[in-house]
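Enquirer: what would the 3D arrangement of this be:
(2 chains)
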Amino acid sequence: MFGGLTGMLVLFGLLVSFLALGTAAFFGEVLGGNGIALIGAGLAVFLSGMGSTIGVGIAGEKAAGITAEDPEKFGRLLLLQALPGTQGIYGFLVGFLAMFRMGAFSGGMNLTIDQGWQFLFACLPVAITCLVSGLYQARVSIAGMDIVAKHPEESGKALILPAMVETYAVLGLLASVLLLMFAVKV
Amino acid sequence: MDEFAWASAVGRIRVLEKGLLSKQELNRLAESRNLEAAIGSLRDSVYGPYFARLENVEDFDVALERFLADSYAYIGSMAPEPLVITAYRARYDFHNLKVFSKSRLLGIPREDKALSLLGNIRPEDFIGFLDTIDRDRDAGVARDTSLEDEKSERPDLVELKSVLARTYETLKSRVVNDANNTLGLSPLELDSLVDRAFYGWAQGVFRRFGYDGVSDFLSSEMDILNLKMALRAKRLGLPCSLFSNLALPEGNVPSEVLVDAYGKDGEKIKLAYKGTPWERLASEGVALLERGERLTAWEKSCDDALFRLIKKARILPLGPEPVIGYIAAREAEVKNIRIILAGKQSELSAGEIAERLRESYV
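Expert: Predicted coordinates:
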């Protein structure tokens, strides 16, 4: 799983998560509930955004290569390039929802350490699933671009394959949203 | 290893692959009435502009070689790590080194037709390059110093030139001219030394970049070359001591094991390849050798088996393998077109030509 550049990036994301958990565990008293909760929201946005940025970037490189030789394929390729970008949106949504539930927008953030941990753990499903699925969805999109390049009439199939990976990003999003809405007690 | 760096190049390759001729198209070409008709059919393909420039259709080899040289240059320009393509293409530079070294060091008359246009260094520049090495050596200038003027050159070419220079100097040091002008190096040994230098360096480059697919392909190529060489050498009755100088050392089958088997019998050669993808080929080759039959068709099977390995790159979405696979595909296609056109020139039947055709990539 951790072989190649994709695996290394996943490993990096997991290390960041552990580092964040470690920071929250060791410096919880200093950070307070608000700090720990914000680490969770930050992780959701940062890790899923990282997965999408790298995924969309690599898929874009391949799409540019195909377009350089055959500009008519641009429209179909754009859809495939955009697919790994959804994870970043999911992460942002969860981060936004978490901050909303914390009371960050109403200026009344006053969370206990227990509540902070609840927010942090509620944000983790989307953070990790979106990082991993963003990177791997990009790989499937890149492979799907080969279908578009060689058999443009089969572009629909090229879209379905990476969409399967999306399922798990959506599940991560749902888990985080449900946890934030119903499990976290504010 | 950064296989993602190749994303754009692979994307372009996927589109270019659509221009490759299929087996059916090649067979249809083989069914053309005559050479002119076959070349006429190719005028609508990517080969068109190259054949259009020919004054005499009999010179089709020139057009094909120019096409390949341009394809190499185009692919080289899109590679994010040019050294990888340079190293793969260097087989032609090392081939030219063999041709020039044989004439310069062994006194064998040079045939310019034997030179390849497909290397990283053009044959006409190669002469100047070897002259510089000779001059520097006579003047006692260290090679590193003379490379100063090459600093403005592409780093991949500088590295290649440095390996070529080292190889040429090794060859020179092996040639002993005594009063009777006896040669200390046979043409066969010269070929072997150059091949070893090429495969050793190219393998080192691919391993340095961490591209296991290309590195494995090169090891497989060496396995096949060693197997072919072992059977040919057996047929010629060459001694084991000479074969040990010829066997390439970096294949999956260790050269020591093969040399040891060569010293015994055909069964041992089969055993050396047991468990490798080439086990069946080794058995068939040894059987032909023992029956005293021709190896030509078997050698074609070897080439086809190696090509099937390259074809696996068609399904890889990233990395240098699809790019190298495309180069190999174009080379195979040109080889097939050459077989067809030469067949038409010799007035062979479509069936006879089709028998000689190699596997195609698509």
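
Enquirer: what bits of the chain have low per-residue confidence?
Expert: Went with chain A since none was named. A:1-3 (pLDDT under 70).

Enquirer: could you do chain B instead?
Expert: For chain B (pLDDT under 70), the answer is B:1, B:138, B:140-152, B:176-184.

Enquirer: show me which residues of chain A sit near chain B.
Expert: A:4-5, A:58-59, A:61-70, A:73, A:139, A:142-143, A:145-146, A:149-150 (C-beta under 8 Å from any C-beta of the partner chain). Every C-beta, even on glycine, is put in place using the N, C-alpha and C of the backbone.

Enquirer: mind giving me the packing neighbours of the longest helix along chain A?
Expert: Using DSSP state H, we find that the single longest helix of chain A is helix A:28-69. Contacts defined by 3 or more C-beta pairs under 8 Å, 6 or more residues apart in numbering or on different chains; DSSP states H and E place helix A:28-69 against helix A:4-26, helix A:74-82, helix A:86-102, helix A:113-150, helix B:7-17.

Enquirer: count residues in the vicinity of B:Trp6, would you?
Expert: When neighbours are counted by other C-beta atoms under 10 Å in any protein chain shown, B:Trp6 registers 27.

Enquirer: and the gap between it and chain A?
Expert: 9 Å (C-beta to the nearest C-beta, to the nearest Å).

Enquirer: now B:Ser220
Expert: Applying C-beta to the nearest C-beta, the value for B:Ser220 to chain A is 22 Å.

Enquirer: what residue in chain A comes nearest to chain B?
Expert: With C-beta to the nearest C-beta, the shortest gap between chain A and chain B falls at A:Gly65, namely 2.6 Å.

Enquirer: that residue: how many residues sit nearby?
Expert: Using other C-beta under 10 Å, the number of residues around A:Gly65 comes to 24.

Enquirer: one more: B:Val46?
Expert: 16.

Enquirer: I'd assumed B:Phe67 was in contact with it.
Expert: Yes - counting by C-beta atoms under 8 Å, B:Val46 does reach B:Phe67; the two are 7.4 Å apart.

Enquirer: any idea what sits nearest the spatially most central residue of chain A, other than its immediate chain neighbours?
Expert: Of all residues in chain A, the one closest to the mean position by C-alpha atoms, centre = their mean is A:Ser48, 2.2 Å from it. Nearest residue to A:Ser48, sequence neighbours excluded (C-beta to C-beta, 6 or more residues apart in numbering or on different chains): A:Gly91, at 2.6 Å.

Enquirer: which residues touch that neighbour?
Expert: Taking C-beta atoms under 8 Å, 6 or more residues apart in numbering or on different chains, we find A:Gly91 in contact with A:Ala44, A:Val45, A:Phe46, A:Leu47, A:Ser48, A:Gly49, A:Ser52, A:Val126, A:Ala127, A:Cys130.

Enquirer: around chain A, which positions in the stretch 1-150 of chain B sit nearby?
Expert: Within the stretch 1-150 of chain B, the positions adjacent to chain A are B:1-4, B:7-18, B:78 by C-beta under 8 Å from any C-beta.

Enquirer: burial count for residue 103?
Expert: Because you didn't say which chain, this covers chain A. 15.

Enquirer: my question was about chain B
Expert: 14.

Enquirer: please name the nearest non-neighbouring residue to it.
Expert: Nearest non-adjacent residue to B:Ser103 (C-beta to C-beta, 6+ apart): B:Arg110, at 3.7 Å.

Enquirer: how far off helix A:4-26 does the longest helix of chain A point, in degrees?
Expert: Angle, helix A:28-69 to helix A:4-26, by axes from the mean of the first three to the mean of the last three C-alpha atoms, to 10 degrees: 160 degrees.

Enquirer: tabulate the helices and strands packed on helix A:28-69 (CSV), appending distance to B:Leu106.
Expert: Formatted as CSV, the helices and strands packed on helix A:28-69 follow (distance: least, C-beta to C-beta, whole Å):
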stretch, distance to B:Leu106
helix A:4-26, 47
helix A:74-82, 55
helix A:86-102, 64
helix A:113-150, 48
helix B:7-17, 40
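
Enquirer: how about those helices, which one is nearest B:Asp303?
Expert: Closest to B:Asp303 of those, according to C-beta to C-beta: helix B:7-17, at 20.4 Å.

Enquirer: packing partners of that closest one?
Expert: If you count contacts as 3+ C-beta pairs under 8 Å, 6+ apart, helix B:7-17 packs onto helix A:28-69, helix A:113-150, helix B:60-78, helix B:321-345.

Enquirer: just after that helix, pick out the following helix or strand.
Expert: Remark: after helix B:7-17, the chain's next helix or strand is helix B:23-30, criterion DSSP states H and E.

Enquirer: how far out from the middle of the chain is that following helix?
Expert: Helix B:23-30 sits 25 Å away from the centroid of its parent chain (C-alpha atoms, centre = their mean, to the nearest Å).

Enquirer: how about stretch B:203-212?
Expert: The answer for stretch B:203-212 is 18 Å, by C-alpha atoms, centre = their mean.

Enquirer: next one: stretch B:290-308
Expert: The answer for stretch B:290-308 is 17 Å, by C-alpha atoms, centre = their mean.

Enquirer: buried residues in that stretch?
Expert: For stretch B:290-308, burial by neighbour count (16 or more other C-beta atoms under 10 Å in any protein chain shown) applies to B:Leu295, B:Trp298, B:Glu299, B:Cys302, B:Ala305, B:Leu306, B:Phe307.

Enquirer: chain A: which of the residues you listed is nearest?
Expert: Distance to chain A, by C-beta to the nearest C-beta, is smallest for B:Phe307 among the buried residues of stretch B:290-308, at 19.5 Å.

Enquirer: ok, that closest one - contacts?
Expert: B:Ala328, B:Ala332, B:Arg358, B:Glu359, B:Tyr361.

Enquirer: likewise B:Glu267?
Expert: Counting by C-beta under 8 Å, 6+ apart, B:Glu267 has contacts B:Val286.

Enquirer: can you tell me the element it falls in?
Expert: helix B:266-272.

Enquirer: roughly how far is that helix from the heart of the chain?
Expert: With C-alpha atoms, centre = their mean, you get 26 Å for helix B:266-272.

Enquirer: list the buried residues for that helix?
Expert: For helix B:266-272, the neighbour count (16+ other C-beta under 10 Å) marks B:Gly266, B:Ile269, B:Lys270, B:Ala272 as buried.
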